[in-house]
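> I would like the atomic coordinates for the input below:
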Amino acid sequence: MFKLSKMLLLVAMIALVVVGCSQEPNSPLSSDLNSQTANGSERATLGLATAVSGITSATLHLYVISPSSQEVRIHRITGPWDEMTVTWNNFGAAFSPAVEATFVADAVGWEMIDVTALVTAWADGTHMNYGLLLDQDNLSLRTEVVSSDSENLNHPFVVICSDQGCDTIYIDMDTFINERDATWNFGTNRIITFGNVAATPYEKQGLVLFPVPTIEEQLGALGNYVWYDDNMNGIQDEGETGVSGVTVQLFNCEGLLLDEMLTDGDGLYLFDSLPAGGYYVKFSNLPADYVFTSQDQGGDDALDSDADINTGQTICTTLDAGEVDLTWDAGIYKPEMGGCSHTIGYWKTHAGFGPQADEVTQYLPIWLGTDGGTKSMQVTSALQAVRVLNQDYYGTSSNGITKLYAQMLGAKLSMADGADGSAIAATIAAADAFLASHDYLDWATMSRADRSMVNGWKDMLDMYNNGLIGPGHCDEGMLY
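Got it, this is the predicted structure:
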C-alpha cells in the first residue's frame, strides 16, 4: 500500500567528549540517574527517545555559583561550533537577536528555564539545532554557572517531556567566549561565564548544546465500506451486507491519484499512514448492472452513502494529524428489469411542491456538466431542480442549452431512480463535456453547428425521457 510516512531521526550533534569528571552528576531528580557514567556523550543520550509525537515541555537546569541579579537572555545559535575550538572571533555572533527565554540569576542554586518553544522548533525541523547562547547586559557584572567539565556535582541538564514521558539530557558541549580575549578558547573551563568581567567593557557569552528528539508525524487513516443497499434508501440497514472486490482509489484534493485497493470480503477498505491534508475517494468496478444508491441520506454520516451517483466520487475532506475517519462509504443496488424513464413533467410534479411526495431530493446532487467544470451546474435542491425543469430561470425555453439542462436533468433523475441509461450513455458523456465549458449565457454567441449539436443531444434525451428509446416509459398510474 502506498504510504506517506516520515522516518524517525535523532537531530545530529557534533560533540567532543571531555573525560575527567570523577564524580557522578547530582541533580534534583530521582535516583534513577545514578547509573549514568561520567562520559558526557553517554550522559547526553541516556533515555532519549529517537522521536516523539509532541513535546509538552522542555526545561533547562543551570546551577548558579556567581549570581549577578541581572536578567539573562537566551538566544538561538544559528551556526555550528565546537567547544574546543570556538572563540569570540570565529563564532562571529552567529545567533538570532530574538530572545527565546530569560531568567534572573539572583541567588546561588538551581535556575530552571522554560525553553519549550525553542526545543520544539528544533524537534519539528523549523530550525537546525546548534544550541543556545546566554547573554546579559553590559553592567560590569557577570553571572557564572557550573559547566559539564566541572568536578562540581551540579552539572547542567535539560528535561524534555512529551506524551511518551520525560527524558533527562545532560549537556556535553558547553563553553563561553570572551570579547576581551577574542582569539582564546575556553572549552575546558569548569564554569560558564556571561556578562562582563568587572570594571571592563568587554562581554562574555555562554554557549550550550544538547541533543533533542525529532517530532514524529502523526499519521491518520481514511475508510471504510461498500454495501448492498437492498431497500435502496441510501442508509446502511441491519442485514445488508458488504460488497467485495470494488475498486477504491484515493486522491488528494488536487486530483492526484495516491493509492488504490479492492474492498475485502466484508466490503471494507482502509487507506492508512496518511499525513494531515485533504483527500477524497472514488469507487468503481461495481458488480455488473449495479448502480450507486442515493447520496447523503439520513442524519448519520457513518451510515450513509457518500459516492456521487454518477461518478462514484466523494467530496474532498480534510484529515487532521493522527485523525482516523471511517465514514466514507458507498451503497449500491441493482435496478430491477432495467427500470423505466419519466418525463421532465413528472419530475416537476414530484419535487415536493404539490400534493405528490418529494422524489427528487433523494437523488441530488446531480451535475449538468462534468463534476467541477468551470461552467458546470450542480443541482443541489428540489427548488433548483424545478427551476431547471421549468426552463424559465436559467435562460428561456427558446435557449437550446436551457432546454438541454431540463432534458438532461430529467434523464439523470430517471437513471438515479433505476432506469437503464446505456442507450444515452454516449449522449450524456458528450453533453456533460460540452456543458463543463458552456452555459446558457453562451447560447446567443454559439455557432450554427454547435447549436445543432446541442439540439441533437436535447432531442435524444427527450426521446429517452418519453420512453421512445431506452428501457421505456414508466406506467405512472400503476407504479406511482
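> does G369 really touch A429, like I thought?
No - because the distance of 11.3 Å does not satisfy CB atoms under 8 Å, G369 is recorded as not touching A429. Every residue, glycine included, has its C-beta placed from N, CA and C.
> what about S96, which SS state?
strand (DSSP: H, G, I helix; E, B strand; the rest coil).
> In contact with it, which residues?
Shown in contact with S96 (CB atoms under 8 Å, 6 or more residues apart in numbering): 75-78.
> and if we set it to 7 Å?
Contacts for S96 (CB atoms under 7 Å, 6 or more residues apart in numbering) come out as 75-76, 78.
> G467 too?
341, 473.
> Below-threshold pLDDT in this protein: ranges please.
Residues of the chain meeting the criterion pLDDT under 70: 1-53, 138-140, 197-200, 336-338, 476-480.
> which residue sits closest to the residue most central in space within it, ignoring its sequence neighbours?
In the chain, the centroid-proximal residue (CA atoms, centre = their mean) is A276; its distance is 1.8 Å. Once flanking residues are discounted, A276 sits nearest to A321: 4.4 Å by CB to CB, 6 or more residues apart in numbering.
> Also A302?
T327 is the one closest to A302 (CB to CB, 6+ apart), at 4.8 Å.
> likewise E100?
L118 (4.5 Å).
> The one you found and A406: what is the separation?
From L118 across to A406, the span is 65 Å (CB to CB, to the nearest Å).
> returning to that earlier point: between G369 and A429, tell me which one has more neighbours.
G369 (22 against 11; other CB atoms under 10 Å).
> What about the closest residue to the more buried one other than its chain neighbours, how many residues nearby?
Sequence neighbours aside, S376 is the residue nearest to G369 in space, at 2.8 Å (criterion: CB to CB, 6+ apart). By other CB under 10 Å, 18 other residues sit near S376.
> what does the one 10 residues further on give?
Residues near V386, counting by other CB under 10 Å, number 18.
> can you count the residues close to the closest residue to it other than its chain neighbours?
Leaving aside its chain neighbours, V386 sits nearest to A351 (5.0 Å; criterion: CB to CB, 6+ apart). A351 is flanked by 22 other residues according to other CB under 10 Å.
> what do you get for P97?
So P97, with other CB under 10 Å, has 8 neighbours.
> gap between it and R73?
For P97 relative to R73 (CB to CB), the value is 10 Å.
> What of P211?
23 Å.
> Same check on N233?
67 Å.
> ok, now G312?
60 Å.
> Direction included, what does the helix or strand T102 falls within pair against?
According to DSSP states H and E, T102 maps onto strand 95-104. Neighbouring strands of strand 95-104 in its sheet, by DSSP bridges, are strand 71-77 (antiparallel).
> Against D450, how distant is the residue nearest to N455 when sequence neighbours are not counted?
Excluding the flanking residues, the one nearest N455 by CB to CB, 6+ apart is G400, at 5.3 Å. Using CB to CB, G400 is found at 9 Å from D450.
> the more surrounded of these two?
G400 (21 against 16).
> any idea how far D442 is from that one?
G400 is 10 Å from D442, by CB to CB.
> got it, and R448?
14 Å.
> Just say helix, strand or coil for Y464.
Relying on three-state DSSP, one would call Y464 helix.
> who's in contact with it?
341, 411, 423-424, 470.
> Give the buried subset of those residues as a ChimeraX selection command.
To isolate the buried members of these in ChimeraX, using 16 or more other CB atoms under 10 Å:
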select :341,411,423,424,470
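> now the strands for the stretch 51-200 of the chain?
For the stretch 51-200 of the chain, the strands defined by DSSP state E, counting those that start in this stretch cover 51-52, 55-66, 71-77, 95-104, 109-114, 132-136, 142-146, 157-162, 165-170, 173-178, 191-196.
> Just to check, A419 is in contact with H342?
No - with contact defined as CB atoms under 7 Å, A419 does not count as touching H342 (8.0 Å).
> Those two: who's more crowded?
A419 (28 against 24).
> mind checking how far that one is from Y363?
11 Å.
> With C474 instead?
15 Å.
> how far does stretch 408-424 stretch from start to finish?
10 Å (CA to CA, to the nearest Å).
> buried set for that stretch?
Neighbour-count burial for stretch 408-424 [16+ other CB under 10 Å]: 408-421, 423-424.
> again with stretch 367-377
Within stretch 367-377, the residues scored as buried using 16+ other CB under 10 Å are 367-370, 373, 375-377.
> So which of the residues you listed is the closest to M463?
Checking these against M463 with CB to CB, the nearest one is L368 at 18.5 Å.
> Having no further points to raise, I will conclude here.
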